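In: my questions are about this predicted structure, shown below with the sequence.
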Amino acid sequence: MHESPSIPPGPARTQAVLRLQGLCKRYHVGQPTEVQVLHDIDLTLQRQDFAALVGSSGSGKSTLLNLIGLLDTPSSGELYLLGQPTSRMDDAQRTALRGRSIGFVFQFHHLLGAFTALENVLMPLMLAGGQPSSAQRALAQDLLERVGLGKWLHSRPGQLSGGQQQRVAVARALITQPALLLADEPTGNLDSRSAAEVFALFRACNREFGCALLMVTHDPRISAQCDRTIELVDGRIASDGA
């Protein structure tokens, strides 16, 4: 990925992007089936962080990722995103903050088959504000060139390999220039070579765009390459370190 003047620098890399304070999540509250999935989670991610979130099935990883992504609300505690407390935000406020501050990459790319790579990258902007501007289209094209897909701008997902489709998904996640990139098993559906290429791409995004990255993975080879590993056990952070 090369330097380009079309993407402005983000906020200071020392800024705390995310801070969780005493975060808890319970389901079926007040009923005999009430269960607590997350217990008093304290966690901070800085701009420079490149972290893996690991844990066995049922440890609470998906629940925690949904809370961090503002797709669900905690039962108690507070989640600060770019310094803003979110627990009392209404749905519209949370959606707006999520749209401008968080990028998502999933195991399955969820590209729209009827649209080209360029149109898929522009989709978050189209959903938020209608027809993209010429500057936004130029940014989308630049992102695709950065992820090595400059020759496939007008190709549809069915014409791309699995690794190429995931690269389109990464470019789509970056189109809003988010402060936080959340990746849920992003290499789990790829062969070893494509997985290594996508991981290298995340590294470049973290370094060049200054966005914090939190990646859920079951692959110890992937987590071992991250700068920081956060392990969940039974809904609690069991370890957090290099």
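Out: Received the coordinates, thanks.
In: now the nearest residue to Ser75 once chain neighbours are set aside: how far from Arg172?
Out: Leaving aside its sequence neighbours, Ser75 sits nearest to Arg26 (Cβ to Cβ, 6 or more residues apart in numbering; 4.4 Å). (Glycine included, C-beta is placed from N, CA and C.) Arg26 sits 33 Å away from Arg172, taking Cβ to Cβ, to the nearest Å as the criterion.
In: the more surrounded of those two?
Out: It is Arg172, of Arg26 and Arg172, that has more neighbours when counted by other Cβ atoms under 10 Å, with 25 against 15.
In: tell me the SS of the more buried one?
Out: helix (DSSP: H, G, I helix; E, B strand; the rest coil).
In: report the buried residues of the helix or strand where Phe199 lies.
Out: Element membership of Phe199, judged by DSSP states H and E, is helix 192-209. Within helix 192-209, the residues that count as buried by 16 or more other Cβ atoms under 10 Å are 194-199, 201-203, 205-206, 208-209.
In: what does that helix contact?
Out: 1, 3, 7, 10, 48, 50, 146-147, 161-163, 166-167, 170, 174, 177, 181, 183, 186-187, 190, 211-213, 215, 219, 222, 225 (Cβ atoms under 8 Å, 6 or more residues apart in numbering).
In: each with direction, which strands does whichever helix or strand comes after it pair with?
Out: Where DSSP H and E defines the elements, the next helix or strand beyond helix 192-209 is strand 212-216. Sheet pairing here is set by DSSP bridges, and for strand 212-216 it gives strand 50-54 (parallel), strand 180-184 (parallel).
In: could I have strand 212-216 exported to CSV, CA atoms only?
Out: The C-alpha coordinates for strand 212-216 follow below in CSV (Å, rounded to 0.1, in the frame of the first residue of the first chain):
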residue,chain,number,x,y,z
ALA,A,212,-7.0,0.5,15.8
LEU,A,213,-7.7,-3.1,14.9
LEU,A,214,-9.4,-5.8,17.0
MET,A,215,-9.5,-9.2,15.3
VAL,A,216,-11.5,-12.2,16.6
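In: how far away from the center of its chain is the strand or helix carrying Asn66?
Out: Using DSSP H and E, the element containing Asn66 is helix 61-68. Distance, stretch centre to chain centre, for helix 61-68: 11 Å (Cα atoms, centre = their mean, to the nearest Å).
In: repeat that for stretch 143-150.
Out: On Cα atoms, centre = their mean, the centre of stretch 143-150 falls 19 Å from that of its chain.
In: identify each buried residue in that stretch, please.
Out: 143-147, 149.
In: and the residue most central in space within the chain, bridged to which residues?
Out: Nearest to the geometric centre of the chain sits Leu182, at 1.8 Å (Cα atoms, centre = their mean). Beta-bridge partners of Leu182, counted by DSSP bridges, are Phe104, Leu214.
In: circling back to that earlier point, just the buried members of the contacts of helix 192-209?
Out: 1, 10, 48, 50, 146-147, 162-163, 166-167, 170, 174, 177, 181, 183, 186-187, 190, 211-213, 215, 219, 222, 225.
In: lowest average confidence across helices and strands of the protein, where is it?
Out: Here the helix or strand of the chain ranked lowest by mean pLDDT, DSSP states H and E is helix 192-209, holding a mean of 83.
In: dump that helix to PDB, restricted to CA.
Out: What follows is helix 192-209, C-alpha atoms only, in PDB (Å, rounded to 0.1, in the frame of the first residue of the first chain):
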ATOM      1  CA  SER A 192      -3.300 -20.100   3.800                       C
ATOM      2  CA  ARG A 193      -1.800 -17.800   1.100                       C
ATOM      3  CA  SER A 194      -4.900 -15.600   0.900                       C
ATOM      4  CA  ALA A 195      -5.100 -15.500   4.700                       C
ATOM      5  CA  ALA A 196      -1.500 -14.300   4.900                       C
ATOM      6  CA  GLU A 197      -2.200 -11.600   2.300                       C
ATOM      7  CA  VAL A 198      -5.300 -10.300   4.100                       C
ATOM      8  CA  PHE A 199      -3.400 -10.300   7.400                       C
ATOM      9  CA  ALA A 200      -0.600  -8.200   5.800                       C
ATOM     10  CA  LEU A 201      -3.300  -5.900   4.500                       C
ATOM     11  CA  PHE A 202      -4.600  -5.300   8.000                       C
ATOM     12  CA  ARG A 203      -1.100  -4.600   9.100                       C
ATOM     13  CA  ALA A 204      -0.700  -2.000   6.400                       C
ATOM     14  CA  CYS A 205      -4.100  -0.400   7.300                       C
ATOM     15  CA  ASN A 206      -3.200  -0.200  10.900                       C
ATOM     16  CA  ARG A 207       0.100   1.500  10.100                       C
ATOM     17  CA  GLU A 208      -0.900   3.800   7.300                       C
ATOM     18  CA  PHE A 209      -4.500   4.800   8.300                       C
END
